[in-house]
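[1] Could you look at this predicted model? Sequence included:
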Amino acid sequence: MPKADIVSWNILLNAHAQNGHFQETRMVFYNMPAWDICSFNTMLAACCKFDKLQDAKTIFQAMQEQDLISWNIILHMYSKQQWFELVKKFFETMPLHNAISMTIMLMTYSQAGDVEAARFVLDSTKEHNLTLWNAMLIAYIQNGHLSEATKIFSSTLREKDTSSSNTMVTAYAQSGHVDQAQKLFNEMPVRDIVSWTAMLSAYAQVGRLEEAQRIFHSMPKHNSFTWTAMLAAYAQNGQSIKCIEFFHEMGIVESPNDVCFTCVLQSCSHTGDMRRGLPYFLSITLDYAIDCPKKQHFSCMIDLLARGGYLEDAKDLLSFMPFAPLASDWRCLLKRPDVSFQQ
């Protein structure tokens, strides 16, 4: 077999990184006979994806020469950690900036709640691309400035893509403006799975389940997100029986995830139906190979046990679950006057 060249090594490195195998990616990287800029950037991106900060800093500092991709990866990593001051300092030390750098900075300011600084980044950028404008839309919406986002979308943004429209549909939905969301949804020349799911959730949020069902059945295709959104719609609107029936219907074509189980347990909790709820809680690991029940599953079970009158069991689960109890968990028991917390 001929000796592997740098291209072959980089393909193997990228394959492990893309498939989420960080330790294998790291092992391949450090066993490579030589590295090029592609090798370094692939490893940096893997470190960023898995929040391996020290590894990323060590590799970045060891590089004889970094390109703009390298700088942007580290900038993004700091932004992910919400280290706002460090992001700004690192940005100032960068030898060059491009649209990606500016978008990262805009979103960083948005996360910090500084919309004016985010807008300054946009206005100081020489070339405005659609990604940057979409980031500004999200910044306004996340910080409660829907009217400013609407101005950009309706007046300033001459060219729009599906992402732009999806952002606004979701914003209208979350603000309770379902008719505006539907109007924009109808005007979209191209809709993707995000568009359909956003519209379904919009109707569910205001209790219009028939419209949510109509959207679900009108979708050209379904995936785990659309099934979960419809399941959540039933759970949020107190439709326990339909939620459980839909869960089993979903199980025929799609494996339930942890969010699906949260929806089902919430439905059982609302009715205090211990007989139905406990088997679903136990089946999370026994039947569906999900690693372990999450914190929200335990919280649902504590509420379910308390509502069903199994107060000692609820106390035991709260005391021995592998998570720190939240105030909401205690309230499930404190609202019951017949519960004692003496040890």
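    Thanks, I have it.
[2] can you list the weak-confidence ranges in this structure?
    1-4, 289-291, 335-343 (pLDDT under 70).
[3] Would you map out the domains in it?
    Listed by automatic domain parsing, the domain ranges of the chain are 1-23+32-53+68-87, 134-219, 222-343.
[4] which stretch among those comes nearest residue 112?
    domain 1-23+32-53+68-87 (4.9 Å; Cβ to Cβ). Where C-beta positions appear, they are placed from N, C-alpha and C, glycine not excepted.
[5] Skip the chain neighbours and tell me the closest residue to residue 117.
    Excluding the flanking residues, the one nearest residue 117 by Cβ to Cβ, 6 or more residues apart in numbering is residue 109, at 4.1 Å.
[6] Show me what the helix or strand harbouring the one you found is packed against.
    Taking DSSP states H and E as the definition, residue 109 sits inside helix 99-111. Where contact means 3 or more Cβ pairs under 8 Å, 6 or more residues apart in numbering; DSSP states H and E, helix 99-111 is packed against helix 68-80, helix 84-93, helix 115-124, helix 130-142.
[7] Beyond the host helix or strand of residue 11, next helix or strand please.
    Here residue 11 sits within helix 6-18, counting by DSSP H and E. On the C-terminal side of helix 6-18, the nearest following helix or strand under DSSP H and E is helix 22-31.
[8] re the thing from before, now do the buried residues in the helix holding residue 11.
    Neighbour counts over helix 6-18 (16 or more other Cβ atoms under 10 Å) mark 9-10, 12-14, 16-17 as buried.
[9] what's the angle between the helix holding residue 109 and helix 84-93?
    160 degrees (axes from the mean of the first three to the mean of the last three Cα atoms, to 10 degrees).
[10] about what we covered before: mind putting the buried residues of helix 6-18 in CSV, distance to residue 205 included?
    Below are the buried residues of helix 6-18 laid out as CSV (distance: Cβ to Cβ, whole Å):
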residue, distance to residue 205
9, 50
10, 46
12, 46
13, 44
14, 40
16, 41
17, 38
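[11] Now flag whichever of the residues you listed is closest to residue 217.
    For the buried residues of helix 6-18, the nearest to residue 217 is residue 17 (38.9 Å; Cβ to Cβ).
[12] residues in contact with that closest one?
    By Cβ atoms under 8 Å, 6 or more residues apart in numbering, the contact list for residue 17 reads 25, 42-43, 45-46, 49.
[13] tell me which residues in stretch 72-86 are buried?
    72-80, 84.
[14] my bad, should have said stretch 158-167
    Buried-residue list, stretch 158-167, by 16+ other Cβ under 10 Å: 160, 163-167.
[15] tell me the centre residue of this protein?
    residue 225 (11.3 Å; Cα atoms, centre = their mean).
[16] Pull the number of nearby residues for the closest residue in space to it that isn't next to it in sequence.
    Nearest non-adjacent residue to residue 225, counting by Cβ to Cβ, 6+ apart: residue 197, 5.5 Å away. Using other Cβ atoms under 10 Å, residue 197 has 24 neighbouring residues.
[17] so how far is the host helix or strand of residue 197 off the chain centroid?
    Per DSSP H and E: residue 197 is located in helix 193-205. Here helix 193-205 is found 16 Å from its chain centre; the criterion is Cα atoms, centre = their mean, to the nearest Å.
[18] For it, buried residues please.
    193-205.
[19] From those residues, pick the one nearest residue 91.
    Among the buried residues of helix 193-205, and counting by Cβ to Cβ, the member closest to residue 91 is residue 194, at 29.7 Å.
[20] thought that closest one was touching residue 167?
    No. Taking contacts as Cβ atoms under 8 Å, residue 194 lies outside contact range of residue 167: 9.4 Å.
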